[in-house]
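S.K.: Got a predicted model here, sequence first, then my questions.
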Amino acid sequence: WFRLIPKGEATKLARVQIDFPNSLDELWTIDIKKSRARPPRQVRERLRQIISRISGRSTNLHRKRGVRLYQETQAPVWERYADENSVRYAVNPSHPVIQEFSGRLSHEQKRSFSLVLEMIAVSLNLEMIYSDYSTHPRLMEHGSLSDEQVKEKLLIFKNILNDGREISREQFIEIARISGIFDRHIEIVEQFASREFS
């Protein structure tokens, strides 16, 4: 980008190609290896305008991907709140698991639980997450679970959801699916649900 705009995750989709003849090498301060270049001042100004416009499209595409992800997930654990001056993330109090768990608490316990959720959201280290995802996106994972660990968590999950009201096999599978915990274990989830909700 010739340091005309900052590089970032949201602008990495943008591309600019510049073609110029060898006769302009001197104006562009091209080194012998042709590995570095510095555009003339007039060109830099024009490039800044072009790059800003193109990177704006890239940023919008990046944001739309995030919006689409939230729209496709009926009950995300995290909610994004944005206005003209700020963006913040908070745990979604309407998530089925959180609602069920909160519903069995006393008034005072609910207040304490809300404070814990707020603390988790406020202390979320977005800078570190962004840095890790920008440099090593494929390393970002939630850890692997053994089949026994999955079954143990599913039993806890069932006890949370099935306390005081009946839910169907299909409802259980859907809520487990959108929780994110069992993404790689849907087959075990379905087997568990068929056994427990027959």
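M.R.: That came through fine.

S.K.: Find the least confident helix or strand in this protein, judged by mean pLDDT.
M.R.: The least trusted helix or strand in the chain, going by mean pLDDT, DSSP states H and E, turns out to be helix 41-72, with a mean of 56.

S.K.: quick one: the helices in this protein?
M.R.: Residue ranges of the helices in the chain, as given by DSSP state H, are 41-72, 96-103, 107-122, 126-135, 147-161, 169-179, 186-196.

S.K.: and residue 141, which of these is closest to it?
M.R.: Of all the helices of the chain, helix 126-135 sits nearest to residue 141, with 11.0 Å by C-beta to C-beta. In this view, the C-beta of every residue, glycine as well, is placed from N, C-alpha and C.

S.K.: from the middle of its chain, how far away would the closest one be?
M.R.: 11 Å (C-alpha atoms, centre = their mean, to the nearest Å).

S.K.: Please apply the same query to stretch 150-166.
M.R.: Here the centre of mass of C-alpha atoms in stretch 150-166, compared against the chain's by C-alpha atoms, centre = their mean, lies 26 Å away.

S.K.: contacting residues around the nearest residue to residue 89 once chain neighbours are set aside?
M.R.: The spatial neighbour of residue 89 that comes closest, neighbours along the chain excluded (C-beta to C-beta, 6 or more residues apart in numbering), is residue 78 at 5.3 Å. Listed by C-beta atoms under 8 Å, 6 or more residues apart in numbering, the contact partners of residue 78 are 89, 90, 91, 92.

S.K.: beta partners of the second one?
M.R.: Partner residues in beta bridges with residue 90, using DSSP bridges, are residue 79.

S.K.: Looking at the closest residue to residue 158 other than its chain neighbours now. What's its pLDDT?
M.R.: In space, residue 158 comes closest to residue 196 once its chain neighbours are excluded; the distance is 6.0 Å by C-beta to C-beta, 6+ apart. We have a pLDDT of 87 for residue 196.

S.K.: neighbours around residue 196, how many?
M.R.: Neighbouring residues of residue 196 were enumerated by other C-beta atoms under 10 Å; the total is 13.

S.K.: hang on, isn't it packed against residue 157?
M.R.: No. Between residue 196 and residue 157 there is no contact, the gap being 10.3 Å when judged by C-beta atoms under 8 Å.

S.K.: out of the contacts of residue 78, who has the most neighbours?
M.R.: Looking at those with neighbours defined as other C-beta under 10 Å, the largest count falls to residue 92 at 19 neighbours.

S.K.: I'd like to know how far it sits from residue 77.
M.R.: In this view, residue 92 and residue 77 are 6 Å apart by C-beta to C-beta, to the nearest Å.

S.K.: list residues touching both of those two?
M.R.: When contacts are counted by C-beta under 8 Å, 6+ apart, residue 92 and residue 77 have residue 98 as shared neighbours.

S.K.: From the contacts of residue 78, pick the one nearest residue 162.
M.R.: residue 92 (20.7 Å).

S.K.: who's in contact with the residue nearest to residue 158?
M.R.: Taking C-beta under 8 Å, 6+ apart as the definition, contacts of residue 196 comprise 158, 169, 172.

S.K.: Many thanks, have a good one.
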